[in-house]
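**Q** curious how this folds, go ahead:
(one chain, ligands or ions: 1)
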Amino acid sequence: MHILLVASAFNSLTQRVLAELQDRGHTVGVELALGNDDALREAVRRHSPRLIVAPMLTTAIPEDIWTAHTCLIVHPGPPGDRGPSSLDWTLQGGVESWGVTVLEAVAEMDAGDVWAWSPLKVPPMAGKSDLYRGEVADAAIDAVLLAVERFASGKYKPKRQKAADLAAGWRPFLKQAERRIDWATQSTESVLRQLRAADSQPGVLDELLGEKWYLHGGHHEDELRGAPGELIACRAGAICRATVDGAVWIPQLRPWREPGSALPSYKLSAVEALGDLLPFEVPEVPVPLQLPAGRRTWTDIRYSENGAVGVLNFSFPGGAMSTVQCRRLLEAYRFAKTRPTSVLVLGGVRDFFSNGIHLNVIEAADDPAEESWANIHAMNDLVEAVLTTTDRLTVAALGGNAAAGGVMLALAADEVWCRDGAVLNPHYTLMGLHGSEYWTYTLPRRVGESEAQRLTQSALPVSAKRAVELGMAERVLQAAPEELGDEVARLAAQLAASPDLAARIENKKAARAQDESVKPLQQYRDEELAHMRRNFFDASEPHRALRSAFVRKEKALHTPPHVARLGLDFGE
Ligand code: COA
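**A** Just a heads-up that it's a prediction; the model follows:
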């Protein structure tokens, strides 16, 4: 069936719906709804789709389109729930069971007939964007696929929603006034609910050290205590604030700006955002890499071991990895390599694996080109350490999406395992970069030279299943986000116990030596970095403007050509 996706952005859910529908043999086009209804009409004319699906839409579809075509809207709430801040209200209210509904577009928001819906469990610790990319995306895919099947059958009659339910289900936009935290009275649990309901966007507006900030992200602290609201510690760029009955970690801050300010602000690690404002008495309170059992505190890198398997978990906001974060992860990796294990897993936690170098940190640096250079070297050092590990098998376990250098970091491992639903973007071109992370070595050796060129030039997402078909990955993990860690541990233990493990390690060592004799890793690195140096330092290169637009979330003016072409060339 030819399906047109209409979305406000080519975001992770839209990419995943695209990939999953393509995997099932549908031809799929994508048009971004960016406020120009005529452009949307023109796209509908061009595609003449049998069905329109809107995976993530913040504007209304024009009436003449939804009266002429069946338009299915994905709403991140169960049937009867309505409004633009569904997940925010859900998390803030502490709801444990939720759902995603696919309903038909009509004049009133979220009031159309229900084609399908899928329930989900809200995990106790996840923030909104993590939930959105995890359980919500899983439920959305189930509901969309069922709705498409029902539509294709031609026999299904969608369920009308009752007027009384529609009136009761409406919840308005969740404003900052309702997100405000009262540090003097609120418990840790309720502070965390508010932070998680706003974690990625829009953040919770608050005052700290005499200035206004949006707080992004929130995690438990089990030991540190202080006066409610007080800044009591830092760790790996995050700050810890006391509540009336405990304390919470806040990884990122974004400075408040006057509404309509010419230069929108963007998130940085809390410590970096506060800069000189941070009182020097606030101590850095690290935790050991191997966190003692029973501790319930935040850390972004941790190592654990079970028999012959070592697992190096890491989780950075937005999957972005700054110079400092890459170096810390490399240090942890080097530690992991000193341990007597035969299988070393990288990742293995829910949500993003990695999205490569940290564009926000780079943008905020005094000299962004120099910071980019330092960041790509730090990333390359990490990738090199994985590539040159010849005394054990390495596994990259992707609980969620990865892009650009983050994909290439995964490809450095001997095996790549992707959670079903993970979306990979193995390309750099949209950021005006040639790319490094030894991709010119790792990608062609897995998929072949011409496929490597196609993947990096077409700049399109790849599903976990497709990644396995292409040879980019070895396994699709059928596990819910919360079950991923256990599934990875189980499979890694199996790998460590496999009778051919020693032979595999020997073979890999020999293959690395052979590859090195044909072309040394350093040569790949030097060649890639010659391009990257130009991309970063040459003012006539597009990267600087693309980075600034990305970091400041400048809205696209039209559907990017590589996306607009999708589904029109039926021979693709
Ligand atoms: N640096 C800084 N921030 C990054 C980032 C990076 N490399 N990659 C993602 N993020 C941030 C996004 O800005 C977003 O921030 P928000 O929470 O304030 O909204 C968050 O991480 C999630 O990303 P988002 O774009 O909403 O997720 P998505 O799943 O819809 O899209 C990508 C994922 C990877 C396609 C998109 O984020 C992207 O193009 N990232 C840049 C990749 C890149 O070029 N890296 C540098 C070269 S190595």
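
**Q** quickly find the element holding the most centrally placed residue in the chain.
**A** Closest residue to the average C-alpha location of the chain: residue 352 at 4.1 Å, with Cα atoms, centre = their mean. Counting by DSSP states H and E, no helix or strand carries residue 352.

**Q** same thing with residue 181?
**A** Residue 181 belongs to no helix or strand when elements are defined using DSSP H and E.

**Q** that one against residue 192, yeah?
**A** No. Counting by Cβ atoms under 8 Å, residue 192 is not a contact partner of residue 181; they are 10.0 Å apart. Any C-beta I mention is one placed from the backbone N, CA and C, and that applies to glycine too.

**Q** more neighbours: which of the two?
**A** More neighbours sit around residue 192 than around the other of residue 181 and residue 192, counting by other Cβ atoms under 10 Å; the figures are 23 against 20.

**Q** residues in contact with the more buried one?
**A** 218, 219, 220, 248 (Cβ atoms under 8 Å, 6 or more residues apart in numbering).

**Q** run a quick neighbour tally on the last one.
**A** By the other Cβ under 10 Å criterion, the neighbourhood of residue 248 contains 25 residues.

**Q** is it fair to say it lies in a strand?
**A** Yes. The assignment for residue 248 (DSSP: H, G, I helix; E, B strand; the rest coil) places it in a strand.

**Q** isn't it up against residue 193?
**A** No. Residue 248 is beyond contact range of residue 193, at 10.8 Å (criterion: Cβ under 8 Å).

**Q** now the residue nearest to residue 448 when sequence neighbours are not counted: how far from residue 447?
**A** Nearest non-adjacent residue to residue 448, counting by Cβ to Cβ, 6 or more residues apart in numbering: residue 471, 7.9 Å away. Distance, residue 471 to residue 447, using Cβ to Cβ, to the nearest Å: 5 Å.

**Q** so where's the protein uncertain?
**A** For the chain, the stretches flagged by pLDDT under 70 are 569-572.

**Q** which segments of it make up each domain?
**A** 2-173+556-564, 178-277, 301-484+505-529 (automatic domain parsing).

**Q** the residue nearest to residue 405 when sequence neighbours are not counted: what's it in contact with?
**A** Spatial nearest neighbour of residue 405, excluding adjacent residues (Cβ to Cβ, 6+ apart): residue 356 at 3.2 Å. The contact partners of residue 356, by Cβ under 8 Å, 6+ apart, come to 319, 320, 321, 379, 403, 404, 405, 406, 408, 409, 428, 437.

**Q** and the residues you listed near the ligand, which?
**A** When contact is defined as Cβ under 6 Å from any ligand atom, the contacts of residue 356 meet the ligand at 319, 320, 403, 404, 405, 428.

**Q** any chance of those residues in CSV with neighbour count as columns?
**A** Compiled in CSV, those are given as follows (neighbours: other Cβ atoms under 10 Å):
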residue, neighbour count
319, 20
320, 21
403, 25
404, 28
405, 28
428, 26
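
**Q** how about the residues of the chain near the ligand?
**A** Residues of the chain lying near the ligand by Cβ under 6 Å from any ligand atom: 11-12, 129, 200-201, 267, 318-320, 355-360, 401, 403-405, 425, 428, 431, 433.

**Q** which of those fall in helices?
**A** Mapping the residues of the chain next to the ligand onto helices (DSSP state H) picks out 12, 129, 359, 360, 405.

**Q** closest to residue 490 among those?
**A** residue 12 (26.7 Å; Cβ to Cβ).

**Q** isn't that closest one right up against residue 140?
**A** No. The criterion here is Cβ under 8 Å, and residue 12 misses it with residue 140 at 10.7 Å.

**Q** which of those two has more residues huddled nearby?
**A** Taking other Cβ under 10 Å, residue 12 and residue 140 do not tie; residue 140 has more neighbours (28 against 23).

**Q** which non-adjacent residue is nearest the more buried one?
**A** Nearest residue to residue 140, sequence neighbours excluded (Cβ to Cβ, 6+ apart): residue 100, at 4.6 Å.

**Q** what's near enough to touch residue 359?
**A** 320, 431, 547, 550, 551.

**Q** name the helices or strands packed onto the longest helix along the chain?
**A** As assigned by DSSP H, the longest helix anywhere in the chain is helix 368-387. In terms of contacts (3 or more Cβ pairs under 8 Å, 6 or more residues apart in numbering; DSSP states H and E), helix 368-387 is packed against helix 323-338, helix 359-364, helix 405-411, helix 521-537.

**Q** which residues are contacting the next helix or strand after it?
**A** Later in the chain than helix 368-387, the nearest helix or strand by DSSP H and E is strand 393-399. The contact list for strand 393-399 (Cβ under 8 Å, 6+ apart) reads 342-351, 353, 386, 409-419, 422, 424, 464, 473, 477, 481, 484, 488, 492, 495, 501, 504-505, 508.

**Q** now do stretch 377-392
**A** 321, 323-324, 326-327, 329-330, 333-334, 337, 341-344, 346, 356-357, 394, 405, 408-409, 412-413, 436-438, 441-442, 505, 508-509, 512, 521, 525, 529.

**Q** pull out the buried members of the residues you listed.
**A** Neighbour counting over these (16 or more other Cβ atoms under 10 Å) leaves 321, 323-324, 326-327, 329-330, 333, 337, 341-344, 346, 356-357, 394, 405, 408-409, 412-413, 436-438, 441-442, 505, 508, 521, 525, 529 as the buried ones.

**Q** with that, I have no additional questions.
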